[in-house]
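*Asks:* 3D model of this:
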Amino acid sequence: MFLGTFKHKLDSKKRLMLPSKIASKLSVDVVISKGFDGCLELRSAEAFNTYANKLMSYSSNKRESRILVRQLLANAIDLRTDKVNRILIPDTLLAETNIKNDVVIIGLGDKLEIWDETTYNQFKTETDKTYIDIADKIDDHYEF
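*Replies:* Below is the predicted model of the structure:
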């Protein structure tokens, strides 16, 4: 399970070194994909296959389903971590998220989110004010 928040930088070749706590829990084969709210998502290949299978189970008769599946799967790329636990983030995905140099990596259970640091700080400031209200709106069977 991935937990925590880590600040890192891309190197001059647009590679991201994964924190050792994260790298030790990932396999060599990973998938990076477009996420939501302006971030990228990184999963093990196995976790991504589970995620992709759920996406592909949505009805292709519904336009919204087709759009979602296209956006998420067309913007996903198989990667391999190198010997020092770096991944090379493709330019297309960097452009999707405005990531240039300073990044924040957050652990979210079975995946990691990779954010441009400024974008993440703005998102966090906005959501720090609302997450308690959101918790109140979630189904009653969830307890925090």
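
*Asks:* going forward, measure contacts and count neighbours with C-alpha atoms only.
*Replies:* Fine.

*Asks:* starting at the chain centroid, how far to the helix or strand bottoming out on mean pLDDT in the chain?
*Replies:* Of all the helices and strands that make up the chain, helix 131-137 has the lowest average by mean pLDDT, DSSP states H and E, namely a mean of 82. Averaging C-alpha positions (CA atoms, centre = their mean, to the nearest Å) puts helix 131-137 22 Å from its chain's average.

*Asks:* for stretch 13-30, same thing?
*Replies:* 13 Å.

*Asks:* tell me where the protein has helices.
*Replies:* Secondary structure of the chain (DSSP state H): helices at 20-23, 45-56, 63-74, 91-97, 117-128, 131-137.

*Asks:* what residue is smack in the middle of the protein?
*Replies:* Among the residues of the chain, the one closest to the centroid is residue 41, at 1.6 Å (CA atoms, centre = their mean).

*Asks:* nearest residue to that residue in space, please, no chain neighbours.
*Replies:* residue 113 (4.6 Å; CA to CA, 6 or more residues apart in numbering).

*Asks:* returning to what we had before: any idea how far the residue nearest to the centre of the chain lies from residue 73?
*Replies:* 12 Å (CA to CA, to the nearest Å).

*Asks:* what residues are shared contacts of the two?
*Replies:* residue 33 (CA atoms under 8 Å, 6 or more residues apart in numbering).

*Asks:* ok, back up a step: got a list of contacts for the least confident helix or strand of the chain?
*Replies:* Residues contacting helix 131-137 (CA under 8 Å, 6+ apart): none.
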